[in-house]
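Novice: Fold the following for me, if possible:
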Amino acid sequence: MAANSATSVVSLDFTTIKDNLINYLRSNSSIKDYDYEGSNINTVLDVLSYNTYLNNFYINMLANEMFLDTAQIKDSIISHAKELNYVPRSVQSSKAIVNVKVIPTDSPGSITLNKWTKFSTSIDGVTKTFSVQDDTIIRPSTNATGGVEYIASNVELYEGLIVEEFFAVDTANNFIAEITNNNVDTRHLTVTVRASNTSSVRTLWSKADTLFGLSASSNSYFLEPAKDDKFRITFGDGVFGKKPSVGNIIEIKYRAATGANGNNGKVFTSSESIGGYSNVIVTTVANSAGGAAAESVEDIKFNAPRAFQVQERAVTANDYKILAQKEYPNIQNVLAFGGEELSPPKFGKVVLAVDLVDSDGVPETLKSSLSSFFKKRTPVGIDVEVITPEFVYIEITGKVSYNIALTTQAISSIRTKSINALTAWANNNINGFDVVYRNSKATAAVDAADNSIISSQLEKRIFKKFTPSSSLAASYNIEFNNTLKADDIFSSITTKALYKPAIESSQFTYSTSTNAFLIDDGAGKLRIVRLDNQNNFVTLLSDAGTVNYATGLVEINSLLIPSFVGGTFNVYARVDNNDIKTKKQSILQLNAENITIDVLQERI
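Specialist: The predicted model follows:
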């Protein structure tokens, strides 16, 4: 029988499969004259082709699910992650920090704020339950008026309903306790074991991440992912970790969290008495934040091989980034570098600059948590210091020309497309650590926003923002780390329309003027000025500080700013180069609200 070397055995196209079968039959001399299109054999070929198609499809999908990169089904991805000893992140509870003041009716020596004590708050009209993570002993202290008060400071509250599950050990080997709730926050599991259903003595078991240090008597459990977005707990085999006995009762207590829905809780109240006292005042130190959904399929596929590479050890800069973002999902970007690169240098330290989602700062509690987290994962003698990165913002003022013969779009539509294109380019290319803004690339992104755009010009300034004291005079040093572009020397006849200062600030109140602002004079000095009715400069103070145009260092002399325009006090700088660079621990940021586009019409 003749062979058909052109037959494809992996095709997923029905027509191609059928054509291959017909070609094969026609190659056989004894049946080559059949009418394969009109005879009953056409139906047989349809069945054969359909069966082949289904088999090919099944085998293709089966082969895809065998590899982490190509798997689509979440349970398959979880299974591959388990082979890499990777535990996907569960839903994470939002955390708030509060001060708890208890007003007792007597004078106790101390009051215990127990773990799991409940508090509540309302977020978008929905009541959320928060609870205490650790036992806290509240001891009496003396306040400013000499009175005695009981205050627990900086108490951490985590969101989620408290759930308890019980499992009876019914097998001597490989007992598995599967947690039934998909919304469990696995970070705060409490696992205890009782000898039997009648015993009241509970032994606390702790989570183990590796086999190192475990013995046959170690009260340890292992956490691993299970099917259907669940997690399960396994135990030791009697060699590495203690093995539960038949008849033991496993108790698992945890929070069923709502992830990001628990963020931004602001006012908390106690839901139960504390130490038998019901008069409790709760003061919020930090609104709830950090709640997040469980790790997505794409994140698992990305993180699992990298976590396997790191092996829970922080050695290289990339190790710190991988571990930090895996453990803290609200961290958007991380930069790790040696303390010797700081000025002045800090030897023996690893510095982490951390950028959070929707935040320009890092709470002290998160800094402390990160330092503790890395303490067990860094080489001996290395300390981790977490810092808040410096933000350098970009302001864009642009002109875009478009050909009205090529489109019927309104000016507002072209403007929106230009801003969106520039914002998308910034999100993909800057808005992070160790980046360079290149004006040619930004201009090209605007040009590509619409086919009708024929040219674009972008003028840029960088700026930093801060909140000055409204009651105390202070000096300020602002480092722009770029060469600044000075204008002509300022004089008494200099006008606003013709002068482009290298440095300019937000308007603020100075003496009796409510519209004062800082500018440089082109010769390295800062002035405080205002504008008169003809838009001319009026100098209020001729020596308010200095500017180093070569290094970008701005030094503002002692200045009281009782009020200013806007939410923050901004200092703008015009850079001399088309490209903008930042120093290591700085984030370069371009946001849509800092982009202004003027659209011009042309007919070509």
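Novice: could you list every residue that touches Asn303?
Specialist: Applying CB atoms under 8 Å, 6 or more residues apart in numbering, one finds that Asn303 lies in contact with 86, 295, 322, 325-326. In this view, the C-beta of every residue, glycine as well, is placed from N, C-alpha and C.
Novice: so it is in which element?
Specialist: Using DSSP states H and E, Asn303 sits within helix 297-310.
Novice: Repeat that for Leu588.
Specialist: strand 586-589.
Novice: Ok, Thr397 next?
Specialist: Here Thr397 is assigned to strand 390-403, by DSSP H and E.
Novice: ok, that strand: who's next to it in the sheet?
Specialist: For strand 390-403, sheet partners with direction are given as strand 453-466 (antiparallel), strand 586-589 (parallel), strand 595-602 (parallel), following DSSP bridges.
Novice: can you redo the ones you listed as CSV with distance to Tyr572 and mean pLDDT?
Specialist: As requested, these are exported to CSV (distance: least, CB to CB, whole Å; pLDDT from 0 to 100):
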stretch, distance to Tyr572, mean pLDDT
strand 453-466, 4, 95
strand 586-589, 14, 90
strand 595-602, 13, 94
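Novice: Of those strands, which stretch is the most buried?
Specialist: Most buried of these, by mean neighbour count (mean count of other CB atoms under 10 Å): strand 586-589, with a mean of 21.
Novice: Which helix runs longest in this protein?
Specialist: helix 41-64 (DSSP state H).
Novice: what's the strand holding Leu588 in contact with?
Specialist: Outside of strand 586-589, the residues that reach it under the criterion CB under 8 Å, 6+ apart are 333, 353, 355, 389-394, 426, 430-433, 435-437, 481, 580, 582.
Novice: mind listing which of the residues you listed are in helices?
Specialist: Ala426.
Novice: Could you measure from Tyr221 over to Ile250?
Specialist: 9 Å (CB to CB, to the nearest Å).
Novice: Could you name every residue contacting both of the two?
Specialist: Common neighbours of Tyr221 and Ile250 (CB under 8 Å, 6+ apart) are 191, 233.
Novice: I'd say His188 and Arg255 touch.
Specialist: Yes: under the criterion of CB atoms under 8 Å, His188 is in contact with Arg255, at a separation of 6.0 Å.
Novice: Please say which of these two ends up with more neighbours.
Specialist: Neighbour comparison, His188 and Arg255: the larger count goes to Arg255, with 28 against 20 (by other CB atoms under 10 Å).
Novice: low pLDDT regions in the chain?
Specialist: Where the chain drops to pLDDT under 70, the residues are 1-11, 32-33, 35-36, 38-39.
Novice: domain assignment for it?
Specialist: Here the domain assignment for the chain is 14-64, 95-160+260-289, 162-256, 312-388, 468-566, based on automatic domain parsing.
Novice: Report the secondary structure state of Asn287.
Specialist: In the three-state summary, Asn287 is assigned as strand, counting by DSSP: H, G, I helix; E, B strand; the rest coil.
Novice: thinking again about what came up before, Ser401 is nearest to which of the domains of the chain?
Specialist: Shortest separation from Ser401 across the domains of the chain is recorded for domain 468-566, at 22.3 Å, computed as CB to CB.
Novice: how close does the residue lying closest to Ile77 once chain neighbours are set aside sit to His80?
Specialist: Nearest residue to Ile77, sequence neighbours excluded (CB to CB, 6 or more residues apart in numbering): Ala71, at 4.9 Å. With distances taken as CB to CB, Ala71 is found 6 Å from His80.
Novice: Check Asn182 too.
Specialist: Separation of Asn182 from His80 (CB to CB): 20 Å.
Novice: More neighbours: which of these two?
Specialist: A direct count of neighbours by other CB under 10 Å for Asn182 and His80 places His80 higher, at 19 against 13.
Novice: Surely that one is in a helix?
Specialist: Yes: judged by three-state DSSP, His80 forms part of a helix.
Novice: Leaving aside the residues adjacent along the chain, what's closest to it?
Specialist: Counting by CB to CB, 6+ apart, Leu68 is the residue found nearest to His80 once chain neighbours are left out, at 4.1 Å.
Novice: neighbours around the one you found, how many?
Specialist: Leu68: 18 neighbours (other CB under 10 Å).
Novice: Which parts of the stretch 1-150 of the chain are helices?
Specialist: Per DSSP state H, counting those that start in this stretch, the stretch 1-150 of the chain carries helices over the ranges 14-26, 41-64, 74-83.
Novice: For stretch 368-388, buried residues please.
Specialist: The neighbour-count check on stretch 368-388 (16 or more other CB atoms under 10 Å) flags 369-370, 373-374, 377-378, 382, 384, 386, 388 as buried.
Novice: Need the helices of the stretch 1-150 of the chain in JSON lines (columns: distance to Asn279).
Specialist: Shown next, in JSON lines, are the helices of the stretch 1-150 of the chain (distance: least, CB to CB, whole Å):
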{"stretch": "helix 14-26", "distance to Asn279": "76"}
{"stretch": "helix 41-64", "distance to Asn279": "62"}
{"stretch": "helix 74-83", "distance to Asn279": "48"}
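Novice: And those helices: which comes nearest Thr408?
Specialist: Closest approach to Thr408 among the helices of the stretch 1-150 of the chain (CB to CB): helix 14-26, 42.2 Å.
Novice: So for the closest one, what gets flagged as buried?
Specialist: When burial is assessed from 16+ other CB under 10 Å, helix 14-26 yields the following buried residues: 17-22, 25.
Novice: hmm, back to that, find the residues that touch each one of His188 and Arg255.
Specialist: Common neighbours of His188 and Arg255 are listed as 93, 158 (criterion: CB under 8 Å, 6+ apart).
Novice: can you give me the helices in the stretch 201-350 of the chain?
Specialist: Using DSSP H, counting those that start in this stretch, the helices of the stretch 201-350 of the chain run over residues 297-310, 317-327.
Novice: could you dump the longest one to CSV, C-alpha only?
Specialist: Translated: helix 297-310. Taking Å, rounded to 0.1, in the frame of the first residue of the first chain, the C-alpha atoms of helix 297-310 are listed here in CSV:
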residue,chain,number,x,y,z
VAL,A,297,-2.5,32.4,37.1
GLU,A,298,-0.1,34.6,35.2
ASP,A,299,1.7,35.7,38.4
ILE,A,300,2.1,32.0,39.5
LYS,A,301,3.6,31.2,36.1
PHE,A,302,6.0,34.1,36.4
ASN,A,303,7.0,33.8,40.0
ALA,A,304,7.3,30.0,40.6
PRO,A,305,10.5,29.4,38.6
ARG,A,306,12.0,32.6,39.9
ALA,A,307,11.2,31.6,43.5
PHE,A,308,12.8,28.3,42.8
GLN,A,309,15.9,30.1,41.6
VAL,A,310,16.0,32.2,44.8
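Novice: And that helix, what's buried?
Specialist: Neighbour-count burial for helix 297-310 flags 300-301, 303-304, 306-307, 310 (criterion: 16+ other CB under 10 Å).
Novice: any idea how far the residue lying closest to Gln72 once chain neighbours are set aside is from Ile300?
Specialist: In space, Gln72 comes closest to Asn64 once its chain neighbours are excluded; the distance is 6.6 Å by CB to CB, 6+ apart. In this structure, Asn64 and Ile300 are 16 Å apart, going by CB to CB.
Novice: same question, Asn482
Specialist: Asn482 sits 40 Å away from Ile300, going by CB to CB.
Novice: what about stretch 505-523, start to end distance?
Specialist: The first and final residues of stretch 505-523 sit 17 Å from each other (CA to CA, to the nearest Å).
Novice: So what touches that stretch?
Specialist: With CB under 8 Å, 6+ apart as the contact definition, stretch 505-523 has outside contacts at 486-490, 499, 501-504, 526-531, 537, 540-542, 544-545, 547, 556, 561-566, 568-572.
Novice: hmm, try it at 6 Å
Specialist: Residues lying outside stretch 505-523 but in contact with it, judged by CB atoms under 6 Å, 6 or more residues apart in numbering, are 486-490, 501-504, 526-530, 540, 547, 561-566, 569-571.
Novice: Just the residues you listed: which are in strands?
Specialist: For these, the ones inside strands are 503-504, 526-530, 540, 547, 569-571, with DSSP state E as the criterion.
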